[in-house]
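J.: Sequence first, then the predicted structure:
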Amino acid sequence: MHSPILISFPDLLPPEDFFARIRFYSESGSIPLAFYRDNSMHLVCIMTDYIHLEALACDCSGLFTYPSLAIDYPAFSVFEREVYEESGILPAGHPWLKPMRQAGLRSNAPNQYPFMEFQSSSMHEVGVGPVHAGVIEPGHFRFLCIGEEVKHLEICLGYQHRGVAKLFRSGDIREKIYLAESIAGDTTIGHALAYAMAVEAICQSNPSSIPERMIALELERIAMHLADLSALSGDIAYIMGQNIFAALRTTVINTSLSICGSRFGKRWICPGGVNYPLTADKAKEVCKTLAGVWKQTHLMVEGMLGTAGVLSRFDDTGKVSKEDCLAFGFTGTTAKATGLAVDVRLSFPMMPIEDFYPITHDSGDVYARFWVRCQEIAQSISMIEQLSARLDEAKLMPMGDITSDSIAISLVEGWRGRIVHICQSASAGIIDSYRIIDPSLHNWFALALCMRGEGISDFPLCNKSFDLSYCGSDL
């Protein structure tokens with residue numbers, strides 16, 4: 001299958017059949033891309049086996065509770081919490097039914113949040129945030145420790161809920177690119193592209209400039225991976241790496257600036273194509289710049305990974321297992337660093353990519369996540385060189401009318417992992433629901449898992465090795 005995908009809204013199943021089908025697909029190895037309640041009082045579930053998609057729906061107007069899916073299939077955990085918070089439908093027996101959006105915290109009542117507690121004199125709690133020393137979004141981290149060893153980390157987000165997904169449903173869905181670019185500021189291209197493809201699918205319109213869109217996406221991936229290499233270097237006081245990677249990241253985002261007038265790629269992507277065509281001469285210039293970036297990146301990485309002090313901090317720190325990745329549906333670098341070759345560019349590509357296969361490592365630690373990012377930079381540069389030879393005539397294609405009673409699903413492999421946008425229409429072309437699943441929604445729990453048994457002083461390093469979005473899980 002190629003992304004995006006347009007399907008007719010599925011026939012409604014009785015609730016018992018709906019949940020039975022979900023369990024059947026889960027037992028067969030599929031994972032949920034989305035599980036939500038729409039505005040027409042339907043529960044909708046999109047499942048995938050990484051090759052095909054299956055959409056299921058049931059009428060939930062008279063449904064007040066159901067046996068939790070998360071008990072047996074943990075990837076449903078965050079989805080069930082979200083459905084419960086939005087609709088009040090109780091997933092009975094859910095192992096971790098806690099708030100997603102933190103209404104209590106926003107009303108200045110943080111004690112309402114049920115943090116895990118241990119009644120033991122040998123344990124102590126350490127709270128970090130929500131206000132941090134850096135210029136980052138608010139998020140609270142509660143550590144339960146014995147001495148310096150972390151036994152449990154609980155992550156509490158949602159301090160600045162913006163209601164972004166709700167805003168997509170008001171007004172013309174075809175005019176929301178500015179909103180898509182603001183979903184997560186460091187993933188402007190990833191979310192703008194997912195939105196544009198969802199709109200094109202629901203309007204049954206064909207876009208132009210697909211190679212150029214893919215170049216924009218890979219430029220964003222290179223820039224953000226360099227930013228992460230810089231941050232990881234800084235966390236272990238490897239100042240030369242911190243400065244060089246940061247400077248190289250500036251070179252890459254300035255390349256985007258030279259094309260579309262924005263270092264973050266704003267206004268580059270739009271429904272129907274691109275606003276700023278990439279000429280053959282400009283593409284050659286981009287490739288030349290990136291060749292220089294990789295030369296310096298490669299030398300810096302070789303120097304770092306040849307240093308015993310660096311390896312002692314990265315090796316065996318913050319490990320995530322392949323089994324947990326499969327169970328919880330982790331994605332992106334988090335999954336690839338455990339040996340899972342999951343990548344939308346392979347399973348649901350916008351267009352075929354010659355000889356593409358996901359970069360993986362099997363140790364699941366900070367080293368693996370650092371190494372995967374390094375190798376993906378080289379891979380993305382190679383892809384941009386291939387795509388530059390496939391540039392087509394850039395012209396904006398018009399958007400047609402919205403298809404009724406349909407679901408458009410777009411998947412994009414952002415630099416953090418799988419981004420999913422779902423645009424669901426009702427009769428007369430009215431947008432019934434717009435759902436956004438950022439990779440951070442699932443991957444925050446990977447950070448909590450990787451800290452178990454680690455020293456609390458390694459938290460900043462582990463946190464940077466995932467580099468997750470606070471706002472991305474709070475839409």
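T.: Okay, I see it.
J.: Find the residue ranges of the stretch 51-200 of the chain scoring beneath the pLDDT cut-off.
T.: For the stretch 51-200 of the chain, the stretches flagged by pLDDT under 70 are 102-111.
J.: Do a quick rundown of the helices in it.
T.: Secondary structure of the stretch 51-200 of the chain (DSSP state H, counting those that start in this stretch): helices located at 77-87, 103-106, 164-167, 177-180, 188-202.
J.: And the ones you listed: which comes nearest Val412?
T.: When the helices of the stretch 51-200 of the chain are compared for distance to Val412 using C-beta to C-beta, the nearest one is helix 188-202, at 4.4 Å. Where you see a C-beta, it was placed from the backbone N, CA and C, and this is true even at glycine.
J.: could you say what helices and strands that closest one packs with?
T.: In terms of contacts (3 or more C-beta pairs under 8 Å, 6 or more residues apart in numbering; DSSP states H and E), helix 188-202 is packed against strand 5-8, helix 177-180, helix 210-235, strand 269-270, strand 406-413, strand 418-425.
J.: Let me have the ones you listed in a markdown table, adding mean neighbour count and distance to Asp38 as columns.
T.: Conversion of the helices and strands packed on helix 188-202 to a markdown table gives the following (neighbours: other C-beta atoms under 10 Å; distance: least, C-beta to C-beta, whole Å):
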| stretch | mean neighbour count | distance to Asp38 |
| --- | --- | --- |
| strand 5-8 | 15 | 14 |
| helix 177-180 | 19 | 19 |
| helix 210-235 | 24 | 28 |
| strand 269-270 | 26 | 26 |
| strand 406-413 | 26 | 10 |
| strand 418-425 | 27 | 6 |
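J.: Let's have these in CSV, adding distance to Leu387.
T.: Listed next are the helices and strands packed on helix 188-202 as CSV, based on distance: least, C-beta to C-beta, whole Å:
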stretch, distance to Leu387
strand 5-8, 22
helix 177-180, 22
helix 210-235, 4
strand 269-270, 15
strand 406-413, 14
strand 418-425, 19
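J.: Relative to Pro138, which of the ones you listed is closest?
T.: Ranking those by their distance to Pro138 (criterion: C-beta to C-beta) puts helix 210-235 first, at 18.6 Å.
J.: And that closest one, what does it pack against?
T.: Secondary-structure packing of helix 210-235 (3+ C-beta pairs under 8 Å, 6+ apart): helix 188-202, helix 239-260, strand 273-274, helix 280-305, helix 366-388, helix 459-466.
J.: gap between that helix and the chain center?
T.: Computed by C-alpha atoms, centre = their mean, to the nearest Å, the separation of helix 210-235 from the middle of its chain amounts to 14 Å.
J.: Compute the inter-axis angle for it and helix 239-260.
T.: Following axes from the mean of the first three to the mean of the last three C-alpha atoms, to 10 degrees, one obtains 160 degrees for the angle between helix 210-235 and helix 239-260.
J.: what's in contact with stretch 222-241?
T.: Stretch 222-241 is touched from outside by 186-187, 242-246, 248-249, 252-253, 256, 290, 293, 297, 300-301, 303-304, 307, 309-310, 313-314, 366, 370, 373-374, 376-377, 380-381, 415-416, 460-461, 464-465, 467, with contacts defined as C-beta atoms under 8 Å, 6 or more residues apart in numbering.
J.: that older thread, check the helices of the stretch 51-200 of the chain for me and report the most buried one.
T.: Most buried of the helices of the stretch 51-200 of the chain, by mean neighbour count (mean count of other C-beta atoms under 10 Å): helix 188-202, with a mean of 28.
J.: what's the angle between it and strand 418-425?
T.: Computed by the same axes, to 10 degrees, the angle between helix 188-202 and strand 418-425 is 30 degrees.
J.: Using PyMOL, define a selection of the buried residues within the contacts of stretch 222-241.
T.: Buried members of the contacts of stretch 222-241, identified by 16 or more other C-beta atoms under 10 Å, are gathered into one PyMOL selection as follows:
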select buried, resi 186+187+242+244+245+246+248+249+252+253+256+290+293+297+300+301+304+310+313+314+366+370+373+374+376+377+380+381+415+416+460+461+464+465+467
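J.: what's the closest of the helices and strands packed on helix 188-202 to Ser440?
T.: For Ser440, the closest of these is strand 418-425, at 10.0 Å, according to C-beta to C-beta.
J.: Would you format the helices of the stretch 51-200 of the chain as JSON lines with distance to Ala70 included?
T.: Written out in JSON lines, the entries for the helices of the stretch 51-200 of the chain read as follows (distance: least, C-beta to C-beta, whole Å):
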{"stretch": "helix 77-87", "distance to Ala70": "4"}
{"stretch": "helix 103-106", "distance to Ala70": "21"}
{"stretch": "helix 164-167", "distance to Ala70": "21"}
{"stretch": "helix 177-180", "distance to Ala70": "29"}
{"stretch": "helix 188-202", "distance to Ala70": "25"}
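J.: Before I go, just wanted to say thanks for your time.
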